[in-house]
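Build me a model from this:
(2 chains)
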Protein chains: 2
Amino acid sequence: MLKFNTYYDYENKNLETFAYESLVKEKESGEIGYYHLPKNSMDLLNELDNINYNFEKIAVIGIGGSSLGTKAIYRLLKSNYKNVKEIVFLENTDPIELKNHFSKIDKNNTLFLVISKSGTTIETISIFKAAIDYFKLDLSNDKIIVITDPASNLEKFADKYSIKVFNIPKNVGGRFSVFSAVGVVPLYLAGFDVKKVLKGADEFFESFFNKSEWHLIRKAAFLYERSRCYKMNVVFSYSSLLDEFNKWYVQLWGESLGKINKKGGRVGLTPIGLLGSIDQHSFLQLLIEGPRDKTVTFIKVKNFENSLKIPNISLPFLETTDFVNGYTFNELINAQCDATRESVVRSGIDVDEIVLEKLNEENVGMLLVYYELLTSAVGALFEINTYNQPGVEFGKKILKTKFNS
Amino acid sequence: MLKFNTYYDYENKNLETFAYESLVKEKESGEIGYYHLPKNSMDLLNELDNINYNFEKIAVIGIGGSSLGTKAIYRLLKSNYKNVKEIVFLENTDPIELKNHFSKIDKNNTLFLVISKSGTTIETISIFKAAIDYFKLDLSNDKIIVITDPASNLEKFADKYSIKVFNIPKNVGGRFSVFSAVGVVPLYLAGFDVKKVLKGADEFFESFFNKSEWHLIRKAAFLYERSRCYKMNVVFSYSSLLDEFNKWYVQLWGESLGKINKKGGRVGLTPIGLLGSIDQHSFLQLLIEGPRDKTVTFIKVKNFENSLKIPNISLPFLETTDFVNGYTFNELINAQCDATRESVVRSGIDVDEIVLEKLNEENVGMLLVYYELLTSAVGALFEINTYNQPGVEFGKKILKTKFNS
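From the prediction side, this is the model:
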């Protein structure tokens, strides 16, 4: 269960209807594939039951949309499980980080997942080559799975060596692909109950297209209409376990909405991910007293499992801290979230809040779909192509000129 | 060695002189203590040589300014050492994260550092109490050190139990305290060559106050003068090891500059920390095509130690990625930084760049001082109090009302 609370007044029926109908059209036309993923990916699970590799660890070689969503779910749900397999993410070209990861991998008990939508992501293929060299991988016989677009060059390569391939539907963009094979394969093989994640995701889609999540559409209209003054959207997540979710949100929001529109105008909203309570000691001062150029969404987890208590210890000279004695850290972090939210609201900032009843599979699935739909709705209002990323191509071209060929 | 490159034209001698002289005044008045830290902290090192606890791990209990700087240096330098002790940071009130950290600590080989400038930070004291309970700490006999302001209630508490105390100078704010006992004690006791870090820091102060780092003053004037249009300052760091540095920067910049000025106006600049190459697949699209409301500083490490190579392997169907074959990941990540920087400059964004010759103690010390001075200089131009954080007090008051007392 997710609850949504809004601490400002807003309504614009015309914009709201436009946004909603745009999404219905995107879904029904079949051009945008992510709306159909949770349902379509259920079939994958049966296929995955036939994978009978022996492994203790999964090394995901992938970057951006090929890793961020999986990382977000992995981080959010891992502590609920006793026996899921470790997933290592080989994503950055940082030389020290990469070597450090390699040194902790034993190829004999590791399944390598090479994930690239286009099939030729330079980071991914370079790290894959380095892994082939470092671990002396036998392409035809070692435990390797490839996830890529149908008929991509990476798929052709995999076929040549009889490497198992899972496809990402052509009409699903990288940053909207978490419920495709990209997220489903590593998480299911690691031992997560992915069916429940997909169920939660699907339920939220159903509910949205039943018009039961109109708050989302209204929020999109609000963010669009105020985008000239509120240029930044802060997600203030009150749990360390939401740190990777924040990064997934930053990619989804930034890369989808930062665009040149039909008229040639630059549009976009800047995503900022914060963690509570840590960032109360960092970013909060700027929120409260700085320029009024941000909205804030608080994310709170109502019930954590088995929270430690702040014991009933009164330390001499430190009695002013005793007001939390006997309460759980669960209660403390949520009271911190509430107090911060109230102080931010009181300072005149437009705030809303998402409350997860607890960190379980369904709620995590729902949370991710909520942000996907919100992104699509704001993109529709901006009248941009929410699903491409033309701005990054030029850098890739320049990169090639940096090497003698 | 640090190199500074600027990819835009700017000069405003009046503003520059004003900023420089403000900092000279702050330093010479003695009111702002951080300018004198690297020198003054050298004495600490001798004192630390007399600490003869036996421990394998350090648990830092502290949040915000009490942990972010230490974390940044720890992360940047750790891979240079074979034998430094592990530092665990107990900072957030997240129930699951905290329990997870606790479960990996054996109190018999752990030194606990309780760090709070005010002495009554609710997170820090609550976690300390939980640790006392969980580990059955004997306050008078277990390995505990306290770092706090002189004569704070935390110091009084420590004195009662004969717990060793190190002080933070009264005139050094939390987010400017990394070169005080706050950073020096944990890093030195963990085995880092802190003397070299302090030496680098001190050298940069010397150089700055010799007017040899005028580029910094000019950049501050530029950021101030353009702050109405460039509301966000992106630091795009090309190494995974700079991730904690980014968080330190976000606190320093956001909390120092987000203020209500003398006239009652809201000022501030929003810090955004990105990691290359990962965020080329996330935030870059927004930078390139989105609104022109940001400046970007690229941070690059010229030489990493012992970088892996991309082997000379040509995979069938994936030959278009072969242009990096035979190069190191060190070369690849820096070429990615250069290519991205060029594409960002070409898209019309004002960009500068900081190049670290390598990740060593001196350079890390210099980098942190660079950002401290830059923050002070922009703050001086805004005519605000760069060193306080009045905006966060209200939330603390509300927090108390959430608990029955």
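
avg pLDDT for the longest strand anywhere in chain A?
Using DSSP state E, we find that the single longest strand of chain A is strand A:294-303. In this model, strand A:294-303 has a mean pLDDT of 98.

same question, stretch A:11-21
Mean pLDDT, computed over stretch A:11-21, is 98.

which bits of the stretch 51-200 of chain A sit near chain B?
A:63-65, A:68, A:79, A:91-100, A:102, A:119-120, A:122-123, A:125-126, A:128-130, A:132-134, A:153-154, A:156-157, A:160, A:174 (C-beta under 8 Å from any C-beta of the partner chain). To be clear about C-beta, it is placed using only N, CA and C from the backbone, and glycine gets the same treatment.

quick one: stretch A:382-400 near chain B?
Yes. Judged by C-beta under 8 Å from any C-beta, stretch A:382-400 comes into contact with chain B through A:389, A:390, A:391, A:392, A:394, A:395, A:396, A:398, A:399, A:400.

Derive a ChimeraX selection command for the buried subset of those residues.
Selection of buried members from the residues of stretch A:382-400 next to chain B for ChimeraX, criterion 16 or more other C-beta atoms under 10 Å in any protein chain shown:
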select /A:389,391,392,394,395,398,399
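
which ones among the residues of stretch A:382-400 next to chain B are found in helices?
Judged by DSSP state H, those include A:394, A:395, A:396, A:398, A:399, A:400 as members of helices.

so residue A:340 touches residue B:395, yeah?
Yes. Contact criterion C-beta atoms under 8 Å: residue A:340 and residue B:395 qualify, at 4.8 Å.

Return every residue with contacts to both of those two.
Residues touching both residue A:340 and residue B:395 by C-beta atoms under 8 Å, 6 or more residues apart in numbering or on different chains: A:280, A:284.

Using CSV, write out every CA atom in the longest helix anywhere in chain A.
Identified as the longest helix of chain A according to DSSP H is helix A:361-382. Only the C-alpha atoms of helix A:361-382 are listed here, as CSV (Å, rounded to 0.1, in the frame of the first residue of the first chain):
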residue,chain,number,x,y,z
GLU,A,361,7.9,-6.3,-3.2
GLU,A,362,4.5,-5.0,-4.2
ASN,A,363,5.1,-1.5,-2.7
VAL,A,364,8.5,-1.2,-4.4
GLY,A,365,6.9,-2.2,-7.7
MET,A,366,4.2,0.4,-7.2
LEU,A,367,6.7,3.2,-6.3
LEU,A,368,8.7,2.7,-9.5
VAL,A,369,5.6,2.7,-11.7
TYR,A,370,4.4,5.8,-9.9
TYR,A,371,7.5,7.6,-11.0
GLU,A,372,7.5,6.2,-14.5
LEU,A,373,3.9,7.4,-15.0
LEU,A,374,4.6,10.8,-13.4
THR,A,375,7.6,11.2,-15.8
SER,A,376,5.5,10.3,-18.8
ALA,A,377,2.7,12.7,-17.8
VAL,A,378,5.0,15.7,-17.3
GLY,A,379,6.8,14.8,-20.6
ALA,A,380,3.4,14.7,-22.4
LEU,A,381,2.6,18.2,-21.0
PHE,A,382,6.0,19.5,-22.2
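
Could you find the closest non-adjacent residue to residue A:398?
Excluding its sequence neighbours, the residue lying closest to residue A:398 (C-beta to C-beta, 6 or more residues apart in numbering or on different chains) is residue B:339, at 4.0 Å.

Please report the distance of the closest residue to residue A:110 other than its chain neighbours from residue A:13.
Leaving aside its sequence neighbours, residue A:110 sits nearest to residue A:57 (C-beta to C-beta, 6+ apart; 4.7 Å). Counting by C-beta to C-beta, to the nearest Å, the separation of residue A:57 from residue A:13 is 52 Å.

Which one of those two is surrounded by more residues?
Legend: neighbour count by other C-beta atoms under 10 Å in any protein chain shown for residue A:57 and residue A:13, higher for residue A:57 (17 against 9).

Show me what that one bridges to in the sheet.
residue A:86, residue A:110 (DSSP bridges).

Quick one: the helices in the stretch 151-300 of chain A, in order.
Using DSSP state H, counting those that start in this stretch, the helices of the stretch 151-300 of chain A run over residues A:153-160, A:181-190, A:194-209, A:214-225, A:243-257, A:284-289.

buried residues in the third one?
For helix A:194-209, burial by neighbour count (16+ other C-beta under 10 Å) applies to A:194, A:196, A:197, A:198, A:199, A:200, A:201, A:202, A:204, A:205, A:208, A:209.

mind putting the residues you listed in JSON lines, pLDDT included?
Formatted as JSON lines, the buried residues of helix A:194-209 follow (pLDDT from 0 to 100):
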{"residue": "A:194", "pLDDT": "98"}
{"residue": "A:196", "pLDDT": "98"}
{"residue": "A:197", "pLDDT": "98"}
{"residue": "A:198", "pLDDT": "98"}
{"residue": "A:199", "pLDDT": "98"}
{"residue": "A:200", "pLDDT": "98"}
{"residue": "A:201", "pLDDT": "98"}
{"residue": "A:202", "pLDDT": "98"}
{"residue": "A:204", "pLDDT": "98"}
{"residue": "A:205", "pLDDT": "98"}
{"residue": "A:208", "pLDDT": "98"}
{"residue": "A:209", "pLDDT": "98"}
